[in-house]
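J.: Quick one, fold the following:
(chains A, B and C, ligands or ions: 8)
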Amino acid sequence: MSLDQPQLDTSPHVSDEVRKTTCYMCACRCGINVHMKDGKVAYIEGNRDHPVNQGVLCAKGSAGIMQHNAPSRLRAPLRRVGERGSGEFEEISWEEALQTATDWLAPLRANHPEKLAFFTGRDQSQSFTSFWAQGFGTPNYAAHGGFCSVNMAAAGIYTMGGAFWEFGQPDWDHTKLFMLFGVAEDHDSNPIKMGIGKIKARGARIIGVNPIRTGYNAVADDWVGITPGTDGLFILALVHCLMSAGKVDLDYLAQFTNASVLVNEDPKSDQFGLFLRDAAGQPQVIDRRTGQLAPWNGQGVEPDLAATHRAAGITHRPVFHLMADRYLDASYAPEAVADRCGISAQRIRALAADLARVAFDEPVILDRPWTDFRGKKHAQMIGRPVSFHAMRGISAHSNGFQTCRALHMLQILLGAVETPGGMRFKPPYPKPATAHPKPHGKVTAGAALDGPHLGYVHGPEDLLLHDDGSPIRIDKAFSWDNPMSAHGLMHMVISNAHAGDPYKIDTLFMYMANMSWNSSMNVGGVHKMLTDKDENGDYVIPRIIYSDAYSSEMVAYADLILPDTTYLERHDCISLLDRPICEADGVADAIRWPVVEPDRDVRGFQSVLCDLGARLGLPGFVNDDGSAKYKDYADYITNHIRRPGIGPLAGFRGADGKAEGRGAANPDQLQNYIDNGGFWIAHVPENCAYYKPFSAEYQDWAVKMGFYDVVQPYIFQLYVEPLRKFQAAAEGKGHRQPPDHLRGQIKATMDPLPIWYPPFEDGHVDPMEYPVHALTQRPMAMYHSWGTQNAWLRQIHGHNPLYVPTKIWDQHGFKDGDWARVTSAHGSITVPVALQAALNENTVWTWNAIGKRKGAWALDEKAPEATKGFLLNHLIHELLPPRGDGLRWANSDPVTGQAAWFDLRVKIEKSGIPNEAQPIMPAITSPVPQGPKDIAWTSRK
Amino acid sequence: MHPAKSVIIFTTFSGLGFGLLFWLGIGAITPTGWMAFVWFTIAYLAAVGGLLASTFHLGRPERAIKAFSQWQTSWLSREGICAVATLLVMAVYGAGLVFFDRVLAPLGWIGALGALATVFTTSMIYAQLKTVPRWRHWSTPALFLTLSVGGGALLAGQVTEALVLLALAAGLQVYGWITGDTALARSGTDMATATGLGHIGTVRAFEPPHTGTNYLMREFIHVVGRKHAQALRVIAAVLAFVLPVVFLLLPFSHIWGALALVSHIAGVLVLRWLFFAQAEHVVGLYYGKR
Amino acid sequence: MTQLPASTAKKLGLVIDLDTCVGCHACVISCKGWNTENYGAPLSDQDAYGANPSGTFLNRVHSYEVQPEAGTAQLIHFPKSCLHCDDAPCVTVCPTGASYKRVEDGIVLVNESDCIGCGLCAWACPYGARELDAKEGVMKKCTLCVDRIYNENLPEEDRVPACVRTCPAGARHFGDLGDAESEVSQLVAARGGFDLMPEQGTKPVNKYLPPRPKDVAPEFDVLAPFLDPVATDGKGFAHWLDKALSALPGGAK
Ligand SMILES: Nc1nc2c(c(=O)[nH]1)N[C@H]1C(S)=C(S)[C@@H](COP(=O)(O)OP(=O)(O)OC[C@H]3O[C@@H](n4cnc5c(=O)[nH]c(N)nc54)[C@H](O)[C@@H]3O)O[C@H]1N2
Ligand SMILES: Nc1nc2c(c(=O)[nH]1)N[C@H]1C(S)=C(S)[C@@H](COP(=O)(O)OP(=O)(O)OC[C@H]3O[C@@H](n4cnc5c(=O)[nH]c(N)nc54)[C@H](O)[C@@H]3O)O[C@H]1N2
Ligand code: SF4
Ligand code: SF4
Ligand code: SF4
Ligand code: SF4
Ligand code: SF4
Ligand SMILES: [Mo]
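T.: Numbers count the residues shown, from 1 in each chain, chains lettered A, B, ... in the order given. Ligands and ions are numbered 1, 2, ... in the order given. Have a look, this model is predicted:
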């Protein structure tokens, strides 16, 4: 029978216009299509043409419309009127705000530039903000990398010129076995999910190494529920198995790594442990053709992995020998590590065998001829289709740097870096440590700093120390405490500034980091430091300027607030000079542009810096006549020239906009980007899509594109000589040596070959008293603290239980709805618990940054985020508990200073059910009204 | 299921009202003049009041009229039609008694049938639902009918009939409880079939889709503690059946009659609360809740 | 009109791959975003910034922990929206005819202007796929993006449901499950796609692909040949190294 169903319009009007820009809800930086209806944002979807996300979009990105319209948006510049921390402000004009800032900062620059500490969060304009700080002349600049994942970045750069995410990615199209270490989400959010999808579609395998089985680890074919902090040991056991079975790519190792480079073997020599170098300073190898010494990069040279060399009575052995000595040792045998890792020896062998099988019995071979830097022609590209990805799970530990080194070494031993099916670099990477700047810290009153703040040190001589050995930087980066702190130590700034150690500062200027909440350890302590007053009743940290776009917990602790726009209301550039969005097959950058105009008295922070820079007369921000150089950030993006022909954006350069990579400024560049969908991409030539560090073709292309100015092929550094130099200094060699209390630590931890040592906390707190590891994970549908103001996302993650494994659950007789008191050596919290069976039996965890402070984010004070939600941060301290040696050791990696979030040990006991999660903090007064009760979001009237 | 006041009141009083109309219709009592007016007012107040109450749980009551259109498939639609038809027929029948002292017997009988049909269709709205195994059982309509007619009899002072019907209803209710308590288990629907993951192992809900609540949880997930439920069942049985029977067996007096009625109504309200509160909707399985 | 069509020309629906879904909720939000702006009334949120936020969603992602007889527990993310059942009880119970199943493609829809918000359809749905919007008072459900899949104003490749287009892992597939040759039908056949609550007799069109077996021990011998120690001959690693190297291309000198 015919049914009288309603006639539907199946082709309704979708939008008046689509504006293509870049998402901001995480550092993945996907391309988005913003659908506009009568001037309003109607719908946001992924941009299909964009190299990063190819059309897909995550929950945060799709919820961008609620982010952009959040009631928590700041409305105008604010001046503090109440006590710091009270949240009492008055709205002021921009002129007033900028004048105030200028009055505070100008005298500092004239006399003591270092008294300004300028630190920024996860924004992606660091090449710009650092340029500003450099102009100001303070050495105290860094972004958030120090508490994020510098271990991964630094280990990757020092070892092979790049790590994962921004630097590289698995060869998703060819890999047959994908092994994931310590990742819940990562910055590469969408690409990893797309990659996992590709692998699954091909029926290839995924192994997840993680104490917790959720998300990526839930879809992994095999789950290795490792004991936190022991990955290095596990990886080195795999190395042990592979080496003793000879399942390593000797050909690859000999040609493309320093396994063949000769090392001084004489403990008495001052060159002990350093490379044998020729007059030109080039590390030496034995050429298998001649049996004679040759520079590693000599034309036609065939480096020998086996041959040793004796000169002037000193034996020199290739790095590979040292590796054999170390890793073939029984102490790395699966049986020896199994218990500590919580993985059976049998399982470790099975995994090693799996790696070996896939790498060597199922190679991926592409018939693409290529030429290496020694002039040697290769007919094919032979791939070892085993790929790895790892992030904070292995990096956010005090042994993270060496663990990340170990993982890179494992990839290299398998010949699985920059070969088909393995790990691939994303241009402008690979880029060896030697191609990066060194850190600079020479302060001159009234003048710019002598160079870029952050970089890579190659020995004690590069540290930023005063003659008396005291640190030049407020965060003690590049000091003996953590010599290779390539990203600085944002997490130490507040406590050091408060302690006046190494010196007092005047103004703390922060941008986009919720430092009084989820990005700080020891939250309560930080609140005290920020509000503490000296005997004269003045704040110990005299002035705090902060830029945020929303009513976050940090706002309440600043004296002057510079309100930013939302990501849809401003210009931004995702630059090759900074943290690029490139893919392995192409170099790309992108922009944001105001797809809507702000309806509040707010300004893009970068434009504000241009203005402030001009008012302060910073070099690079004023013309010769002293007038402002840049009208706003858009003007800077278009016209700033970093090196001849090189600007913030690499696409559409030159007067005609036809040039790529290098070229003169193009007045229409931003419009060209907009017309191109908000991004630019140039593809890597096919014949150098792999072997990038070694490929002559790639090197030429890289120079053409302006990544660097001269070709600079290199080989992977399994043995990192700079580490050895610090070790040598600690042993008493050289003129620049560490203070005695640090010698032991440096000797032990700065080993030139990857090692494992137990997380520091294990040595400072009693593992018997605190037997449980406590971790956090990123929820895929939340971005740190700022997802909470999003009415859609907060319904998915409105509060966070502590997940407890079956063993502990039964031990304490927990039931659904129970609460527990969780105590660390530092503090204690009382929180709701929930059961999870697929969890390492000695580990508890919760979602990160769900807990919120009452009064923040324009939420009701009774919001579940504030009453049931909680932070683990209350239990973590930036310093380890005293252990009677009269010293307080930092809770961070001794090499890079990375915050050791995941070393945390706790004990747990059943508690009564309180009416709110503990500790309860007093509410802060909100600078914005609370959001509306009910909403029905639509652009329709 | 969420025990919504509106629906509890609706089923209780419209049941009672149509029960009374049934007895009036078959001429068990044939009052005339203003006495008839009183009787019919009582019946209509109960029946119509109940129906009106039922519209309170509508999201769009103003469109209620549309609910009459789908009698071919929808028990809810059928109920509406039966109810209105019955009320119209009985109005004419009533008018006959009130104004003309005339018993239009055929109309009465039609009305009486209509009343039964109305109660039956109401019960089928619940009994039809596969998603609520406890309701999907012949005892549901049987119970609705006996309670309605029994209550009606009580109201209409049909003592013997009332005694018989209440006893019957009591029996049905107990039987209903016994079978109902195992209905979900017997339905073959569980977390394994809900998720299709049973072949891997035992399925347990881990994280709910949202940490907050939602319409489904509010509507379908209502857990009554076992002890609590047992106590309520006893109270309900005593109020709805035991006391009224006792009162009726006592030497007749209008006080006892009234008390019997009041106690019965109170009892049925509790019964209906349990009817909903104890009903397990299979959607609960997706939330790991029964 | 709440009679179900005897048959539908097509059976459009979704195939959801439980082996691939990482539980990211992208589909949940893109669904909310598209549907609050398009078909019917906006999807409202109550107490949006308050103590008890609760809104209307047409697609929600559950997660389940499954404990096998032996071995470690597994975690499975489980997206769920309307399954566009062939024998849709939600349709037949509807008193107003607001609920209906389209003859041309089998999509089950609510005609909001006829809906009285009685909630009975939600009661009849075993899957919790219908939510009464608290602000609008009408029943909301997955429309299979009927206003996208035929939409002439969208580029060809975008004429798919919002949730499918956005799914980063590619765990959601859209197509005609009535056509045995269609990609989705092939996928279902190849991977053993299954119905939710088959015993309810709703004959869902949407299918779920089961997770692949997890944590299966390798069937090969983990030692030989893959991990045979090379240096068992007593002469040690260095000796093996020489041998191994001479076997390399350009070796043997
Ligand atoms: N949705 C969303 N995406 C984000 C963010 C967000 O807030 N939300 N934040 C962004 C930022 S700033 C960052 S730094 C990245 C971080 O991305 P991830 O590196 O994924 O960081 P986490 O979420 O902290 O996950 C750490 C993982 O490591 C595991 N783990 C902890 N200790 C160990 C260990 O000892 N061994 C092993 N094998 N695993 C361990 C934890 O169980 C967890 O799964 O994510 C970025 N992307
Ligand atoms: N326990 C535990 N703690 C952790 C971690 C962990 O794994 N476990 N992870 C650590 C890591 S890796 C990181 S990166 C940090 C992240 O911690 P944070 O860097 O503090 O990250 P958010 O919470 O996103 O805070 C960023 C701030 O930027 C503001 N903001 C958002 N958009 C804009 C904008 O457009 N302009 C401006 N000016 N401001 C904006 C937000 O309102 C918020 O106040 O957390 C760290 N803390
Ligand atoms: S991953 Fe999500 S939040 Fe991050 S940039 Fe992409 S869409 Fe935005
Ligand atoms: S978007 Fe895809 S991967 Fe994410 S939850 Fe939905 S179905 Fe799963
Ligand atoms: S899933 Fe529920 S709402 Fe959808 S068709 Fe089936 S029964 Fe109806
Ligand atoms: S809620 Fe609307 S669609 Fe559902 S049954 Fe009632 S009238 Fe029909
Ligand atoms: S098909 Fe459309 S309506 Fe249905 S779940 Fe997907 S996005 Fe939502
Ligand atoms: Mo981070």
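J.: so where's chain A uncertain?
T.: Applying pLDDT under 70 to chain A picks out residues A:1-3, A:941.
J.: For the residue in the stretch 501-650 of chain A positioned nearest to chain C, give me its contacts.
T.: Closest approach of the stretch 501-650 of chain A to chain C (C-beta to the nearest C-beta) occurs at A:S551, with a separation of 11.3 Å. All C-beta spots, glycine's among them, are computed from the backbone N, C-alpha and C. A:S551 makes contact with A:S72, A:R73, A:L74, A:Q789, A:A856, A:W857, A:A858, A:S926, A:P927, A:V928 under the criterion C-beta atoms under 8 Å, 6 or more residues apart in numbering or on different chains.
J.: Next, count neighbours for the closest residue to the third one other than its chain neighbours.
T.: Read it as A:L74. On the basis of C-beta to C-beta, 6 or more residues apart in numbering or on different chains, the spatially nearest residue to A:L74 that is not a chain neighbour turns out to be A:P563, at 3.7 Å. Residues near A:P563, counting by other C-beta atoms under 10 Å in any protein chain shown, number 28.
J.: tell me the secondary structure for A:P563?
T.: coil (DSSP: H, G, I helix; E, B strand; the rest coil).
J.: Hmm, A:R75 and it touching each other?
T.: Yes. Between A:P563 and A:R75 a contact is recorded at 6.9 Å, counting by C-beta atoms under 8 Å.
J.: Where does chain B get nearest to ligand 1, which residue?
T.: Per C-beta to the nearest ligand atom, the residue of chain B with the smallest distance to ligand 1 is B:E207, at 14.9 Å.
J.: and the nearest residue to C:T56 once chain neighbours are set aside, how many neighbours?
T.: Across the structure, with C-beta to C-beta, 6+ apart as the measure, the residue nearest C:T56 apart from its sequence neighbours is C:L43 (4.2 Å). C:L43 sits with 26 neighbouring residues when counted by other C-beta under 10 Å.
J.: Show me which residues of chain C sit near ligand 4.
T.: Near ligand 4, the residues belonging to chain C are C:21-27, C:61, C:77, C:79, C:167, C:169, C:171-172 when assessed by C-beta under 6 Å from any ligand atom.
J.: Dump those to CSV, plus neighbour count.
T.: Below are these laid out as CSV (neighbours: other C-beta atoms under 10 Å in any protein chain shown):
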residue, neighbour count
C:C21, 29
C:V22, 24
C:G23, 26
C:C24, 29
C:H25, 31
C:A26, 34
C:C27, 29
C:V61, 26
C:H77, 26
C:P79, 27
C:C167, 28
C:A169, 28
C:A171, 27
C:R172, 23
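J.: Same list, those residues, but as TSV with pLDDT and secondary structure please.
T.: What follows is the residues of chain C next to ligand 4, written out as TSV (pLDDT from 0 to 100; DSSP: H, G, I helix; E, B strand; the rest coil):
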residue	pLDDT	secondary structure
C:C21	98	coil
C:V22	98	coil
C:G23	98	coil
C:C24	98	coil
C:H25	98	coil
C:A26	98	helix
C:C27	98	helix
C:V61	98	strand
C:H77	98	strand
C:P79	98	strand
C:C167	98	coil
C:A169	98	coil
C:A171	98	coil
C:R172	98	strand
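J.: Low-confidence bits of the stretch 1-150 of chain C, can you list those?
T.: Within the stretch 1-150 of chain C, the segments meeting pLDDT under 70 span C:1.
J.: So the residue of it found nearest chain A versus A:A689, what's the distance?
T.: Relative to chain A, the nearest point of the stretch 1-150 of chain C is C:Y49 (3.1 Å; C-beta to the nearest C-beta). Between C:Y49 and A:A689 the distance is 49 Å, computed by C-beta to C-beta, to the nearest Å.
J.: One more: A:V41?
T.: 38 Å.
J.: B:Q230 now?
T.: As for B:Q230, its distance to A:A689 is 73 Å (criterion: C-beta to C-beta).
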